[in-house]
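**Student:** have a look at this fold, sequence not included:
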Ligand SMILES: [Zn+2]
């Protein structure tokens, strides 16, 4: 499929055309000649930016958006989320994930890292939505060795079955956390990841309680425990990292793992701190940004997330110069964390044709003193007009095929699941 985007505004370049061929950006330049058999997209009034990357979410939890806000974590999990999740089937996960993909497309996200149950429900949703995602079945074996065995066998089976999807669906190992997965299963995950060159996506160091429990049970802090199982590698995505100390950050930097910060979820759940961004960035650790699930955010709009990310870092460091807009924008477009998003996050020839067109003439983007400042501090997902992934248009003029059906089906299923 070839695409000719005409008259689109690019920061530092002004009005240009973009040619995409076979899912890649072929040429960017002023007034390009027509391209044979290309679909033409008139981008008058639109600016092209890199697609946003959501480095940590639980897409199907969109079904539980607003179901039990403002509660203590354990009370919320025990009385709301776990009873509802116990009823989930693969079709629920499919429609919940489709709903999440809809919201992500509408707010300019082109790729995400997911963690949930029912692998095929998630994978089919990603395939059908046109987005890119890292997907795997969550591994939890607190019930004992039999559960561990089942989880490990499931990972082997799903890796095999993942070949039925396109390369936009990237199979990823997703052990839930160090406090829900045994050392045996963590070590197995490390070996399996190494053997098949698979990414690993795990929650780490989200709360002070997790740290104190780890010290009590294993005598070391969370990152050290993970490293002892062989799971701190350049293929590892660590979600949260709120309570990491200096020695843990040194270790993560040495091992080359990526950390994904989730500031809105962390604040909503009052986890008791903020991700030590400055210390992590100083050590050269790849950093990404995530929304976490819609049950604890409650939005998947990464424009809201990147603004919050920058603000919380300024606030906690008591310094308005911390995390300037240009740095925050690199984080949310995945440029600083190559493991996320399946591409470089840059708009240039040879890169993935993952392109977001925003409406330049919206009031919140006026005046245009500093376009990236407008993107980070002023825009919301509502400025997004068109989303292109792998050269295919997923949304144009804010219209997505099948949107109403997805919303209605997801809402009906959410209602049934939450009848407790
Ligand atoms: Zn999470």
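**Tutor:** Structure received. Everything quoted here is computed from the prediction, not taken from an experiment.

**Student:** could you use CA atoms for every contact and neighbour count after this?
**Tutor:** Will do.

**Student:** who does the residue most central in space within the chain bridge with?
**Tutor:** Nearest to the geometric centre of the chain sits residue 54, at 2.2 Å (C-alpha atoms, centre = their mean). Here residue 54 sits in beta bridges with residue 112, as judged by DSSP bridges.

**Student:** my guess is it contacts residue 289, does it?
**Tutor:** Yes - applying C-alpha atoms under 8 Å as the test, residue 54 and residue 289 come out as touching, 6.1 Å apart.

**Student:** for stretch 332-349, measure first residue to last.
**Tutor:** One end of stretch 332-349 sits 21 Å from the other (C-alpha to C-alpha, to the nearest Å).

**Student:** any idea how far it is from the chain center?
**Tutor:** Chain-centre distance of stretch 332-349: 12 Å, with C-alpha atoms, centre = their mean, to the nearest Å.

**Student:** listing partners with orientation, what would you give for the stretch of helix or strand residue 385 belongs to?
**Tutor:** Taking DSSP states H and E as the definition, residue 385 sits inside strand 384-389. According to DSSP bridges, the neighbouring strands of strand 384-389, each with its direction, are strand 355-359 (antiparallel), strand 392-395 (antiparallel).

**Student:** of those, which approaches residue 237 most closely?
**Tutor:** Ranking the strands paired with strand 384-389 by their distance to residue 237 (criterion: C-alpha to C-alpha) puts strand 355-359 first, at 24.1 Å.

**Student:** domain-wise, how is this structure divided?
**Tutor:** Structural domains assigned to the chain are 2-50+346-403, 52-332, following automatic domain parsing.

**Student:** show me where pLDDT drops low in the chain?
**Tutor:** Per-residue confidence for the chain (pLDDT under 70) gives these ranges: 420.

**Student:** just the helices in the stretch 201-350 of the chain please.
**Tutor:** With DSSP state H, counting those that start in this stretch applied, the stretch 201-350 of the chain shows helices at 208-218, 222-228, 246-255, 263-268, 277-282, 302-317, 325-332, listed in chain order.

**Student:** could you export the ones you listed as JSON lines, including mean neighbour count and distance to residue 393?
**Tutor:** Formatted as JSON lines, the entries for those read as follows, by neighbours: other C-alpha atoms under 10 Å; distance: least, C-alpha to C-alpha, whole Å:
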{"stretch": "helix 208-218", "mean neighbour count": "15", "distance to residue 393": "43"}
{"stretch": "helix 222-228", "mean neighbour count": "20", "distance to residue 393": "40"}
{"stretch": "helix 246-255", "mean neighbour count": "18", "distance to residue 393": "38"}
{"stretch": "helix 263-268", "mean neighbour count": "21", "distance to residue 393": "29"}
{"stretch": "helix 277-282", "mean neighbour count": "16", "distance to residue 393": "35"}
{"stretch": "helix 302-317", "mean neighbour count": "20", "distance to residue 393": "20"}
{"stretch": "helix 325-332", "mean neighbour count": "21", "distance to residue 393": "21"}
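
**Student:** out of those helices, flag the one nearest residue 395.
**Tutor:** Shortest separation from residue 395 across the helices of the stretch 201-350 of the chain is recorded for helix 302-317, at 16.9 Å, computed as C-alpha to C-alpha.

**Student:** ok, residues contacting the closest one?
**Tutor:** Contact with helix 302-317 is made by 52-54, 107-109, 262-264, 274, 277, 289-291, 320-325, 328-329, 332, 375-377, 379-381, as judged by C-alpha atoms under 8 Å, 6 or more residues apart in numbering.

**Student:** which of these count as buried?
**Tutor:** Neighbour-count burial within these applies to 52-54, 107-109, 262-264, 274, 277, 289-291, 322-325, 328-329, 332, 375-377, 379-381; the criterion is 16 or more other C-alpha atoms under 10 Å.
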